[in-house]
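Visitor: Have a look at this prediction, sequence included:
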Amino acid sequence: MTLKSALADRIRPIAEEPLRDSGVDRASIGTLVRTFYSKVRKDRRLGPVFAREITGDWEPHLEKMTDFWCSVILKSGDYHGRPVPAHLKLSEVTEADFDIWLALFGETAGELFAPQIAAVFVERAHRIATSLKLAMFSRVGPVTASAGE
């Protein structure tokens, strides 16, 4: 093993393993998604944001989110969307909205799953929220040389 490959192995992130638990399958994840979005739709801040984006039949969105969470939790490969571009167009969303989203998601996961299973969902939701917030709210300006360089 070369030094270069040894260093690459040290900094390469470890792939998440699928969550293997008899109580976690597409049906239970679908219940989580539907229960969670029911709460989102009733939330005084998030409800109107989602109502403007999803008009009419919610079922296609709920199925897409079930695919997403099956891919995140079970590593099913069911989701083929692009979450960052979908969220970038939401100009009215603030960083604080992610706190509301995470609180509702954590509450729902805690109601539906054993604590150790809910913790996996919540941890992955936090990582996803962090990634989306970075994509949506981080602005990196052009790199400029300082005087004297």
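Guide: Structure received.
Visitor: what helix or strand is Arg20 on?
Guide: Using DSSP states H and E, Arg20 falls within no helix or strand.
Visitor: Kindly provide the distance from it to Asp57.
Guide: Here the criterion is Cβ to Cβ, to the nearest Å. By it, Arg20 lies 33 Å from Asp57. Every C-beta, even on glycine, is put in place using the N, C-alpha and C of the backbone.
Visitor: next one: His80
Guide: 20 Å.
Visitor: Over to Phe50?
Guide: 13 Å.
Visitor: same deal with Leu134?
Guide: 32 Å.
Visitor: Please name the residues that touch the nearest residue to Asp21 once chain neighbours are set aside.
Guide: Distances taken as Cβ to Cβ, 6 or more residues apart in numbering put Ile117 closest to Asp21, at 5.8 Å, once the chain neighbours are dropped. Contact analysis of Ile117 by Cβ atoms under 8 Å, 6 or more residues apart in numbering lists Leu19, Asp21, Gly23, Val24, Ala109.
Visitor: from those residues, which has minimum pLDDT?
Guide: Within the contacts of Ile117, Asp21 has the lowest pLDDT, namely 78.
Visitor: backbone phi and psi for it, please?
Guide: phi -150, psi 140 (degrees, to the nearest 10).
Visitor: in terms of contact, does Arg26 touch Thr66 like I think?
Guide: Yes: under the criterion of Cβ atoms under 8 Å, Arg26 makes contact with Thr66 at 6.8 Å.
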